[in-house]
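A.B. asks: Attaching a predicted model along with its sequence, questions to come.
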Amino acid sequence: MCRKLLAVIFLFGLSVAEFASAYQVFESHPRLFFRDNAWGERSVTTDILRKRATDSRYSRFLEKMTRRGACNWALKAVMLDDREAALECIGMLEKRKGFGNTTDAGLVLMWDAMAFDWLYNNENFTDAARQKVIANLARGAQHCMDLYKNQGTHIFHTRMYGYPTGVAIAGLALKGHHPDADKFIDWAYNVYLKDLFPARQIQDGTVHNSIAYGRKYTMWLVGHFIAAWYSATGENLWEMIRSQQGDWAWREALFVIYCEQPDGLLVRYGDCFFRGSERFSFRVVSERAFAYGEELGAGYVNYLFDIHSAGTRDRIGTEMGNEYQVFLYWDADRQGVERTTLPGRILFSPEGTGMAFWRTGWTAEDTFIFFKCGDYFDNHGHFDSGHVEIFRRAPLLIEAGTYAGGTGTNHYQKFFHNSVAHNTIQIVDPSDAEDAGSQRFYNNQGQGTIGEYLANGKNEYGDVIAYRDEDGWAYLAADFTAAYPSGRVKRVVRELAWLGERYLVVVDNISLADSGLQPRVLWHYPAAPLLEAKRFTVSDAGARAVVNVLAPAEAVIDTVAAFTVGATSYPPKNPDPALGAGRAEVMVKETGRAGYTFVQVIDVADNTEAAAVFSLSGGASSKFVKIELPSLTLTLEGVPGARTALGLD
């Protein structure tokens, strides 16, 4: 947990009140996302938008522009001087009744406010109609403020980003037209700078609640707040975040890019309901690529449009309703830089979500490894500290289960949400047939400020405590002792070393609080494995992962049927091997020891490659591990997480 941020957040919070009232809202319309004239280092003008509307390269987006959202009708009217589009939009704004009671309330309010701003000077927008819309926007802004306060405020829930974004953009649109505009602006600005920005800083570009929820709501709404604030006030929060808060806004774009597996799907974790890149990715990356002038982001946007050019579910690389963002942020003349220029390995949020990506490249034939060891943020995250996934040509070691059916099913509550569905370590009481040994369950979605969140020690589940990225190899150590219920463990540290772009070494250092407990190392697979005495092989699509168990010497490999917890199975409504064909459990049958060091080496390669042979030199303990690999020797000496010697010869 980022305890060291407490002082920073406190001091930064004090400064918010000092300059919250110092902003100056641009008097004329349009003022949200674009203006009639250029401002700042990078800006969008009405003239730029009109030119793009007549450019044939944008025509496929123009054709689909009015499928969703008043703002799309409004922008079409602005770009083409389209009277019918203007009238349609004004009618929609006038007739707005309710805004709903979920994250979408903020989204609808935001889009309506954008449409009002963009059409404000349109000759078809009568004074009477404006007054109706102004009243609707003010009503919606107050409604969203009330929702934020009355729905059990929790700063990591998607709703807490939807409401203040809608209120902020409504307030900025209403400035000069409604007496409560400053109230709306001040409230939303303070919520963001005091609580939501620090929350995003802790997560360091990542999201805990899945790459679906994160892209669809959290990241996108944050970006829209920052962009609208900049165009309306001239205050560049993008640059403040880059220079003072660890560049988390751009790292959100990087995270989206790194999450893409070699098969084009995004990595699955948390309550993930959609893994494709034809939805949600564009809305996050395009805004940040433009704001920061990042050629890499521009290249990734082009890549999205290229791979989805034929359309997928009536989408062309962007979410339905986000067509306006294409005109705002896509420069068809800008080639950008390909993602292949990025390094293959990266670590995000070591004291927050704790996510690492190790890949051998960016083609469909490359290996992709994902590691996760982080804290509790809200209920769309899982109890999965220490989880490892391996992909080569196909998923080989996976998260098991599915979010399909929602959170109310037995499958979700008993299996999918818990650590037993993940490739991590269970601490089991073998005398209880129903005890799965899972990491502790925690539920608290009422932490309304960053101070409340950081002060609550129950949110702590795990940290990446050591990380090295060297030429040809990488290493990390993660301590997730706090993930387990009281009385189970004294310390749990998982170490990973990725060597020669083929061998993943996994060293699990476990100190028990009760010698009668039994550690089990879990590996979920989508295809039945080939079992041998000290190893098993999972193969699919021409590649394989061979899991070799080197220590303890008496370790055995058991297999368990898919979706099983204790003696009971909790399958999803539509079981599929891709969601889990079973799991391997590596354990020592006899209990009675206070500590265990499990050493495993996973050989990841194509089926055409012969499986490698590995051995330990001198046994294995928590303070010394020496592994002989083909042409390599890995030595770990000292305390796990603070090794005095970490060498590769």
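C.D. replies: That came through fine. Fair warning: this is a prediction, and the values are worked out from it, not measured in the lab. Residues are numbered from 1 along each chain as shown.

A.B. asks: Buried residues in stretch 71-84, which are they?
C.D. replies: Neighbour-count burial for stretch 71-84, with 16 or more other CB atoms under 10 Å as criterion, is recorded at 71-80, 82. Bear in mind the C-beta positions are built from the backbone N, C-alpha and C, glycine included.

A.B. asks: With stretch 275-284 instead?
C.D. replies: So for stretch 275-284, counting by 16+ other CB under 10 Å, buried means 275, 277-284.

A.B. asks: and it, C-alpha only, in PDB?
C.D. replies: In PDB, the C-alpha atoms belonging to stretch 275-284 read as follows (Å, rounded to 0.1, in the frame of the first residue of the first chain):
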ATOM      1  CA  ARG A 275     -11.800  -8.400 -23.900                       C
ATOM      2  CA  GLY A 276     -11.800  -7.200 -27.400                       C
ATOM      3  CA  SER A 277     -10.000  -4.000 -28.600                       C
ATOM      4  CA  GLU A 278     -12.800  -2.900 -31.000                       C
ATOM      5  CA  ARG A 279     -14.500  -1.300 -28.000                       C
ATOM      6  CA  PHE A 280     -13.200   1.000 -25.300                       C
ATOM      7  CA  SER A 281      -9.400   1.000 -26.100                       C
ATOM      8  CA  PHE A 282      -9.700   3.900 -28.600                       C
ATOM      9  CA  ARG A 283     -11.600   6.100 -26.200                       C
ATOM     10  CA  VAL A 284      -8.700   5.800 -23.700                       C
END
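
A.B. asks: just how off-centre is that stretch within its chain?
C.D. replies: On the basis of CA atoms, centre = their mean, to the nearest Å, stretch 275-284 sits 12 Å off its chain's mean C-alpha point.

A.B. asks: before we move on, back to that, which one of the buried residues of stretch 275-284 is nearest Leu454?
C.D. replies: Val284 (25.8 Å; CB to CB).

A.B. asks: what about that closest one, which helix or strand?
C.D. replies: Assigned by DSSP states H and E, Val284 belongs to helix 281-292.

A.B. asks: How far off centre is that helix?
C.D. replies: On CA atoms, centre = their mean, the centre of helix 281-292 falls 15 Å from the chain's centre.

A.B. asks: In terms of secondary structure, what does that helix contact?
C.D. replies: helix 220-233, helix 237-244, helix 248-258, helix 295-307, helix 323-329 (3 or more CB pairs under 8 Å, 6 or more residues apart in numbering; DSSP states H and E).

A.B. asks: Relative to Val560, which of these is closest?
C.D. replies: helix 248-258 (31.4 Å).

A.B. asks: what's the angle between that closest one and helix 237-244?
C.D. replies: 90 degrees (axes from the mean of the first three to the mean of the last three CA atoms, to 10 degrees).

A.B. asks: List of residues touching helix 248-258?
C.D. replies: 200-201, 203-207, 211, 215, 219, 222-223, 226, 238, 241-242, 266, 281, 284-285, 288-289, 291-292, 294, 296-297, 300, 339, 342, 346, 348, 355, 357, 359 (CB atoms under 8 Å, 6 or more residues apart in numbering).

A.B. asks: Stretch 88-108 now?
C.D. replies: Contact with stretch 88-108 is made by 66, 70, 73-74, 77, 109, 112, 115-116, 119, 122, 124-125, 129, 132-133, 136, 140, 143-144, 147, 151, 158-159, 161-167, 217, 221, as judged by CB under 8 Å, 6+ apart.

A.B. asks: Please convert the buried members of the residues you listed into PyMOL selection syntax.
C.D. replies: Here is the PyMOL command that selects the buried residues among those (16+ other CB under 10 Å):
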select buried, resi 66+70+73+74+77+109+112+115+116+119+122+125+129+132+133+136+140+143+144+147+151+158+159+161+162+163+164+165+166+167+217+221
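
A.B. asks: Return the subset of the contacts of stretch 88-108 lying in helices.
C.D. replies: Among the contacts of stretch 88-108, the members found in helices (DSSP state H) are 70, 73-74, 77, 109, 112, 115-116, 119, 129, 132-133, 136, 140, 143-144, 147, 159, 161-167, 221.

A.B. asks: Tyr475 is nearest to which of the helices and strands packed on helix 281-292?
C.D. replies: Across these, Tyr475 has its closest neighbour in helix 248-258 (18.5 Å, CB to CB).

A.B. asks: and Ala181, what is it in contact with?
C.D. replies: Counting by CB under 8 Å, 6+ apart, Ala181 touches 171-172, 174-175.

A.B. asks: Same question for Phe61.
C.D. replies: Per CB under 8 Å, 6+ apart, neighbours of Phe61: 316, 318, 323, 326-327.

A.B. asks: Now with 7 Å, please.
C.D. replies: When contacts are counted by CB atoms under 7 Å, 6 or more residues apart in numbering, Phe61 is found next to 316, 323, 326.

A.B. asks: Out of those residues, flag the one nearest to Phe415.
C.D. replies: Lowest distance from Phe415 to the contacts of Phe61 (CB to CB) belongs to Ile316, with 36.9 Å.

A.B. asks: give me the number of residues near that closest one?
C.D. replies: Here the number of neighbours of Ile316 (other CB atoms under 10 Å) works out to 20.

A.B. asks: quick one: the helices in the stretch 351-500 of the chain?
C.D. replies: For the stretch 351-500 of the chain, the helices defined by DSSP state H, counting those that start in this stretch occupy 410, 450-455.

A.B. asks: Pipe those into JSON lines and attach mean pLDDT, distance to Phe383 and mean neighbour count per row.
C.D. replies: What follows is the helices of the stretch 351-500 of the chain, written out as JSON lines (pLDDT from 0 to 100; distance: least, CB to CB, whole Å; neighbours: other CB atoms under 10 Å):
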{"stretch": "helix 410", "mean pLDDT": "97", "distance to Phe383": "17", "mean neighbour count": "16"}
{"stretch": "helix 450-455", "mean pLDDT": "96", "distance to Phe383": "17", "mean neighbour count": "19"}
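
A.B. asks: Compare these and report which one is nearest to Val549.
C.D. replies: Comparing those by CB to CB, helix 410 comes nearest, at 32.0 Å.

A.B. asks: What is the distance between the closest one and the centre of its chain?
C.D. replies: Counting by CA atoms, centre = their mean, helix 410 comes out at 25 Å from the chain centroid.

A.B. asks: ok, Glu399 to Gly270 distance?
C.D. replies: Distance from Glu399 to Gly270, counting by CB to CB, to the nearest Å: 9 Å.

A.B. asks: Tell me the spacing between the nearest residue to Gly152 once chain neighbours are set aside and His157.
C.D. replies: Leaving aside its chain neighbours, Gly152 sits nearest to Gly446 (4.8 Å; criterion: CB to CB, 6 or more residues apart in numbering). The gap separating Gly446 from His157 is 10 Å, by CB to CB.

A.B. asks: again with Asp429
C.D. replies: As judged by CB to CB, Asp429 and His157 stand 34 Å apart.

A.B. asks: Same question for His524.
C.D. replies: His524 sits at a distance of 28 Å from His157 (criterion: CB to CB).

A.B. asks: if you count what's nearby, which of the two comes out ahead?
C.D. replies: It is His524, of His524 and His157, that has more neighbours when counted by other CB under 10 Å, with 26 against 23.
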